[in-house]
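S.K.: sequence? don't have it. structure:
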């Protein structure tokens, strides 16, 4: 897991992933290196270097047509990051609500609200992940 965090820690690579995400949601069949260079405004060697790192981390796939290469986002490794992060995010998002509920509700009701809130957040995450997996 640490390797993927190193890969996505770089701002240029995150921008490339965002470009590929935007283009994939608009129904594209891949994005050329020259399109990425144009959108980022950086040199082609710089983009190619970052695409190599993303490809080695299996965050992108490449399709070759003659001398051209078309890159697409591979979401599965990012979904694994999302799965790993979710418990931290769910805990934080319910903490503020729970402190307000503690003042207003008796203990059994506050515990029930905590349970329902965590279950709802977990269900939302599961549905979102499933939709991403089956929608792409």
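M.R.: In hand now; what should we look at? Since this is a predicted model, take the numbers as computed values, not measurements.

S.K.: contact partners for the residue lying closest to residue 13 once chain neighbours are set aside?
M.R.: Excluding the flanking residues, the one nearest residue 13 by CB to CB, 6 or more residues apart in numbering is residue 50, at 5.0 Å. Just so you know, the C-beta spots here come from the backbone N, C-alpha and C atoms, and that holds for glycine as well. Residues counted as contacts of residue 50 (CB atoms under 8 Å, 6 or more residues apart in numbering) are 10, 12, 13, 16.

S.K.: now do 6 Å
M.R.: Neighbouring residues of residue 50 by CB atoms under 6 Å, 6 or more residues apart in numbering: 12, 13, 16.

S.K.: just want the phi and psi numbers for the second one.
M.R.: Torsion angles at residue 13 (phi, psi; degrees, to the nearest 10) stand at phi -70, psi -40.

S.K.: over to residue 85?
M.R.: Dihedral angles (degrees, to the nearest 10) for residue 85: phi -80, psi -30.

S.K.: next one: the spatially most central residue of the chain from residue 26, what distance?
M.R.: Residue closest to the mean C-alpha point of the chain, counted by CA atoms, centre = their mean, is residue 78 at 4.7 Å. Here residue 78 is placed at a distance of 19 Å from residue 26 (CB to CB, to the nearest Å).

S.K.: do the same with residue 81
M.R.: Distance from residue 81 to residue 26, by CB to CB: 24 Å.

S.K.: the more surrounded of these two?
M.R.: Neighbours per residue, other CB atoms under 10 Å: of residue 81 and residue 26, the larger number sits with residue 81, 14 against 7.

S.K.: please name the residues that touch the more buried one.
M.R.: So residue 81 contacts residue 4 (CB under 6 Å, 6+ apart).

S.K.: what about the residue nearest to the centre of the chain, which SS state?
M.R.: helix (DSSP: H, G, I helix; E, B strand; the rest coil).

S.K.: and for it, nearest residue in space, chain neighbours not counted?
M.R.: Once flanking residues are discounted, residue 78 sits nearest to residue 59: 6.8 Å by CB to CB, 6+ apart.

S.K.: may I see the PyMOL selection of the buried members of the contacts of residue 50?
M.R.: Applying 16 or more other CB atoms under 10 Å to the contacts of residue 50, the buried members can be selected in PyMOL as follows:
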select buried, resi 13+16
